[in-house]
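*Asks:* Sequence plus predicted model, see below.
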Amino acid sequence: MPTVLGCIADDFTGATDLAGLLARSGVPVSLRIGVPEEPPVNAAAMEVIALKCRTAPVPEAVSDARAALKWLQQAGAKRFFWKYCSTFDSTAKGNIGPVAEALMKDLGAEQTIYCPAFPENGRAVFMGNLFVGQQLLAESPMKDHPLTPMRDSNLMRILSPQVQGKVGLINRLAVAAGDETVRKELRKLQEEGVAHVVVDAVANSDLEVIAHACREMVLLTGGSAVAMPLPELFRAEGILAADASKAFAPSTDPGTIVLSGSCSAMTRQQVARYLETNAPAYQIDPVELANNGPQAALNWLAQQDLTRAPILYATAEPAELKKVQGILGAENAGELVEHALAACAVAARDAGARRFVVAGGETSGAVTQALGVNRLHIGEEIAPGVPWTYCRSDGHVIALTLKSGNFGAEMFFRDAQAMLETT
Ligand code: ADP
């Protein structure tokens with residue numbers, strides 16, 4: 001069966017988040033890390049390609065996304081989804097808008113929607129403004145993100161400088177009126193030459209309406225949640241087989257490692273709670289790394305009993321992060337940490353770890369790359385948007401969960417492990 005929906009995600013955790021939500025419907029979902037070099041063979045009904053382009057220069061992000069689109073088209077996909085973070089993480093130049101515009105051009109699409117809302121994780125869009133829980137995006141901890149600090153909450157204002165076409169809004173009142181009204185509003189905006197339509201959503205029922213109204217659009221863009229209703233809608237339309245498959249869960253040896261390179265507010269709590277459980281822990285100091293490399297962390301790791309699920313973390317409070325970035329530069333500090341955690345992942349695997357809990361989008365990218373992983377099969381969801389996934393690394397079957405900074409509950413690191421213990 002050819003691929004029905006082809007998805008392109010701007011980072012790894014975003015891709016696993018989307019893949020996990022699509023897999024809730026029981027449809028087989030496969031996730032590729034980077035654009036595969038080989039043409040598609042045994043493609044799944046839903047294919048997600050994870051890029052690492054959130055903060056890449058615009059031309060690089062655009063060319064990666066276009067290559068991904070081409071591969072997905074070869075797999076048979078006729079409808080596409082451009083997935084970015086539910087906190088609309090982008091720099092002043094992009095890459096949400098430029099990539100959407102390039103994909104639209106390649107697909108001959110005149111209009112697309114932008115809907116980062118993810119109600120289960122507290123992300124809502126109202127009158128074009130993005131909320132994180134009860135806070136506006138620009139007042140939420142996202143204002144201090146190491147790579148994409150978000151200092152505006154208005155999606156039209158963020159998007160307009162990123163695109164050449166006109167930007168418009170379909171507000172919550174129209175969404176509340178139902179899919180027919182949304183379709184009418186889209187047509188009206190199209191007549192006014194609006195190519196980029198931000199769509200309000202505060203509840204899952206809004207996302208159902210939006211997905212229903214927009215399911216025939218060749219390109220949709222958003223956070224993962226607006227894509228969640230698509231498998232059912234495609235089944236109803238007859239373009240996706242009705243048979244459901246069981247969650248994918250091969251058994252793995254119990255050696256576990258937890259790696260956290262995220263400084264997001266939720267990850268900080270998760271690390272703190274995990275330390276309270278007396279797991280063996282090592283805090284990575286980026287300044288020390290800059291001077292001496294990751295050897296101290298690797299030496300510590302070599303002494304650990306992996307069945308106790310040790311954690312290595314660089315997770316730091318905003319003030320500490322600022323200090324380190326002042327000394328090393330934000331990009332340099334980020335890369336040092338990513339390389340160190342990636343090296344630890346490989347060392348842990350070589351020492352027998354088969355279960356990997358990783359926190360941080362960029363961090364996950366670095367870790368999967370180092371583990372030589374290029375295809376993941378999606379398993380059971382641990383928390384909304386965070387599934388266990390299964391893959392091969394150096395010939396071993398490993399379980400990997402890649403958690404975006406602010407996802408998961410406080411006990412996520414333990415919750416993840418407990419789920420594998422019961423399967
Ligand atoms: P999130 O999903 O929370 O955004 P990411 O891994 O995508 O997490 O981004 C966090 C970035 O911050 C990474 O580049 C990481 O290497 C960097 N980082 C983590 N800890 C520190 C630290 N203590 N000092 C400086 N940079 C850090």
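*Replies:* Yep, it's here. Model, not experiment: these values are computed from the prediction.
*Asks:* quick one: the helices in the stretch 151-300 of the chain?
*Replies:* For the stretch 151-300 of the chain, the helices defined by DSSP state H, counting those that start in this stretch occupy 155-159, 172-176, 179-191, 204-214, 230-237, 265-276, 286-292, 295-302.
*Asks:* Let's have those in TSV, adding mean neighbour count.
*Replies:* Using the backbone N, CA and C atoms, a C-beta is placed for each residue, glycine as well. Output for these, formatted as TSV (neighbours: other Cβ atoms under 10 Å):
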stretch	mean neighbour count
helix 155-159	20
helix 172-176	18
helix 179-191	16
helix 204-214	21
helix 230-237	18
helix 265-276	19
helix 286-292	15
helix 295-302	16
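*Asks:* What lies in contact with stretch 329-344?
*Replies:* Stretch 329-344 is contacted from outside by 146-147, 257, 259-261, 284, 286, 289-290, 293-294, 297-298, 301, 312, 314, 324-325, 327-328, 358, 362-363, 365-367, 369-370, using Cβ atoms under 8 Å, 6 or more residues apart in numbering.
*Asks:* Could you restrict the residues you listed to the ones contacting the ligand?
*Replies:* Among the contacts of stretch 329-344, the residues within reach of the ligand (Cβ under 6 Å from any ligand atom) are 146-147, 261, 286, 314, 324-325, 362-363.
*Asks:* Give me the PyMOL select line for those, limited to the buried ones.
*Replies:* In PyMOL, this line selects whichever of those come out buried by 16 or more other Cβ atoms under 10 Å:
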select buried, resi 146+261+286+314+324+325+362+363
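*Asks:* burial of Q162, as a residue count?
*Replies:* 21 (other Cβ atoms under 10 Å).
*Asks:* G34 now?
*Replies:* 17.
*Asks:* next one: A50
*Replies:* Residues near A50, counting by other Cβ under 10 Å: 31.
*Asks:* Could you find the closest non-adjacent residue to it?
*Replies:* A15 (3.4 Å; Cβ to Cβ, 6 or more residues apart in numbering).
*Asks:* how far away is the one you found from A68?
*Replies:* Going from A15 to A68 by Cβ to Cβ, to the nearest Å gives 11 Å.
*Asks:* joint contacts of these two?
*Replies:* I49.
*Asks:* one step back: which SSE is the residue nearest to A50 in?
*Replies:* Using DSSP states H and E, A15 maps to helix 12-23.
*Asks:* If you count contacts, what does that helix end up packed against?
*Replies:* Counting contacts by 3 or more Cβ pairs under 8 Å, 6 or more residues apart in numbering; DSSP states H and E, helix 12-23 packs against strand 5-9, strand 29-33, strand 46-50, strand 79-83, helix 361-371, strand 375-383, strand 386-393, strand 396-403.
*Asks:* As a markdown table, these with distance to A279 and mean pLDDT would be great.
*Replies:* Shown next, in a markdown table, are these (distance: least, Cβ to Cβ, whole Å; pLDDT from 0 to 100):
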| stretch | distance to A279 | mean pLDDT |
| --- | --- | --- |
| strand 5-9 | 30 | 98 |
| strand 29-33 | 27 | 94 |
| strand 46-50 | 28 | 96 |
| strand 79-83 | 32 | 98 |
| helix 361-371 | 18 | 93 |
| strand 375-383 | 17 | 91 |
| strand 386-393 | 19 | 94 |
| strand 396-403 | 16 | 96 |
